[in-house]
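Undergrad: Turn this into a model:
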Amino acid sequence: MSDPLPPRSDDSRPRSYRDASEFDDFDRTQDEINLAQTRRVVEIDMEVHSVQTPRTPDAGIEIRGRLRRPSHEVFGGWREAFDRMKLLPFLVPDRVAALPGTVLLRLVAAPPGPRPGNPTINLVLFILTILTTFFVGSLYSPDVRATGMTDLLNPANLIQGWPFALTLLAILGIHELGHFFAARHYGIPVSLPYFLPVPFAFGTLGAFIRLRGPIDDRRQLFDVGVAGPLAGLAVAVPLLFAGLQTSELATISGQVMLEGNSLLYWGAKYLVFNEWLPDFATGLDVHVGPMAMAAWIGLLATGLNLLPVGNLDGGHVVFSLFGGHARYFFRGTLLLLAVLGIAGFAPLQAYLPALEHIGYTGWLVWLWLIILDMGPSHAVALDMVPELDVRRRWIGYAVLLVFVLTFVPVPLRTFVF
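TA: Below is the predicted model of the structure:
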C-alpha cells in the first residue's frame, strides 16, 4: 500500500518560532495560516497551552495543549473543519512538554486531492495476469504435452492451467480485497487492485492497492494492514490442504528444484502424508500438484508481505502495535535478511553445509530493494495518540506469529538426491 507523507518527527521543530499573539492581523492566503481560526476549531475540545508558527508560513503551525475528551472522539470533527481550511492535521503525544498528557497538533497545508483512478488499467492488468497465470499453470499440468511454444499457447493446453491460475488469483485477489474493503469501511480513498503479470516464474509478481488519502488513526492503520493477510490466509490454507490431497509422494533422484519449507507448509505436509518432507536421506518428497504449488506461492507472498518493514503489511502491524519502537523490528529484519543472504553464498555453504538449509542470496536483492525503495519509513496515521485496544493487540501478535509460520528462509533451491 502506498501512504501519505508522514509528518516531521516530534523533535525536529524549526529553530525560531513566534507566538500566536503576534499574528492578530495575520491575513490568510494560500501559503499562510490564520492562527485565530485554527485555535477556535480546537479550543472547545482542547485546553490550549500555546499556538506557534515557524517563520516560514507554509511550514504550518503547532498547537500544544491537553485534550478534554479522548482524541478519537474529537479528531473526526477536526478533520472536517481543517479540510475546509485546506489543512491537514497531525496529532501526536507531546514529548517536549513537561506536563504529562500534553499533545501536539501540527497543521500543514493539505496536499492536492487524489486524481481519479483509471479502472481500465486495473482491468487490463488483471486480464493479462489471468493469461500469464493460465500459461504458467499449464506448465505444471500433467495433462499438457507440449513440444514447443505453439503447443503451449494452444487454448486447449492453456485451459489446463486453471487449477494453478484460479488458486493463485483467489489468494492474491482476496488478500488485496481485504485491504480494499477495510479502507472503504473507514472512508479512506483507495484504488482498485493492480495485478502484475509476468509470462514466466509464477505468472505474476503479485498485486497491490494504493491508498489515495491519509489514515485517521492507529486503529484504522492496523485494521487496513491486517485485513489483507488474514483474508488471504483464510483462503490459502484450505486450498493448500486441498492441493496436497491431490498431490502424490515420489522418490526423487538427480538434481531437482525444491520449493522451500515454511513452518506452516512443512507441518501441512506432515498432516497430509504423515512424513516430514522432503526426506533428504531417501529422496522422498511430494510431487506437488498445480493447486498445491499455487497455494505455496500464495503463502510465500503472505510471508513476504508480513516482513515488518516500511509500507509492507508487516510494517503497518508493528508500527500500529509498538509506535516508534517499530524501528527495532526494521533493523532486526535488515540484519536477518543480510545474514540469510550472505549464508547463501556457495563458498560459505561448502565450508558449512548446514547453511544450505537457511542461506539464500535472493534476500540480498530484497535487502537492497527495502533500503532503496522503502527506506526506514513506515505508514503513519494522522492521530497517533490513541493506543490499540486489547483485542487488536492480540490480533496483532497473532499476525506476527503468522509471519513466523509463513516465512520461507530458502524459497527455491537446487538439490541433488
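Undergrad: which stretches of the protein have low pLDDT?
TA: Within the chain, the stretches with pLDDT under 70 are 1-34, 54-59, 98, 146-147, 374-378.
Undergrad: how is it carved up into domains?
TA: If you go by automatic domain parsing, the domain ranges for the chain are 17-109, 119-416.
Undergrad: top helix in the protein by residue count?
TA: helix 218-245 (DSSP state H).
Undergrad: list the buried ones in that one?
TA: 218-233, 235-237, 239-240, 242-244 (16 or more other Cβ atoms under 10 Å). In this view, the C-beta of every residue, glycine as well, is placed from N, C-alpha and C.
Undergrad: same question, stretch 99-114
TA: For stretch 99-114, the neighbour count (16+ other Cβ under 10 Å) marks 102, 103, 104, 105, 106, 107, 108, 109 as buried.
Undergrad: now do stretch 320-335
TA: 320, 321, 326, 329, 330, 333, 334.
Undergrad: Farthest-apart pair in these, please.
TA: Within the buried residues of stretch 320-335, two members stand farthest from each other by Cβ to Cβ: 320 and 334, at 20.1 Å.
Undergrad: Can you report phi and psi for residue 275?
TA: Phi and psi for residue 275, reported as degrees, to the nearest 10, are phi -140, psi 140.
Undergrad: I misspoke; the intended subject was residue 383.
TA: phi -110, psi 100.
Undergrad: That one reaches residue 75, doesn't it?
TA: Yes. Judged on Cβ atoms under 8 Å, residue 383 makes contact with residue 75 at a distance of 4.6 Å.
Undergrad: quick one: secondary structure of the closest residue to residue 138 other than its chain neighbours?
TA: With sequence-adjacent residues excluded and distances taken as Cβ to Cβ, 6 or more residues apart in numbering, residue 138 is closest to residue 161, at 3.8 Å. With DSSP: H, G, I helix; E, B strand; the rest coil as the basis, residue 161 sits in helix.
Undergrad: Tell me if I'm right that residue 161 and residue 133 touch.
TA: Yes. Between residue 161 and residue 133 there is a contact under Cβ under 8 Å: 7.0 Å.
Undergrad: before we move on, which element is residue 285 in?
TA: strand 284-287 (DSSP states H and E).
Undergrad: So residue 383 and residue 75 - more neighbours on which side?
TA: With neighbours defined as other Cβ atoms under 10 Å, residue 383 and residue 75 compare such that residue 383 has more, 26 against 22.
Undergrad: In space, what's closest to the more buried one - neighbours in sequence excluded?
TA: Excluding its sequence neighbours, the residue lying closest to residue 383 (Cβ to Cβ, 6+ apart) is residue 217, at 4.1 Å.
Undergrad: Okay then, goodbye and thanks.
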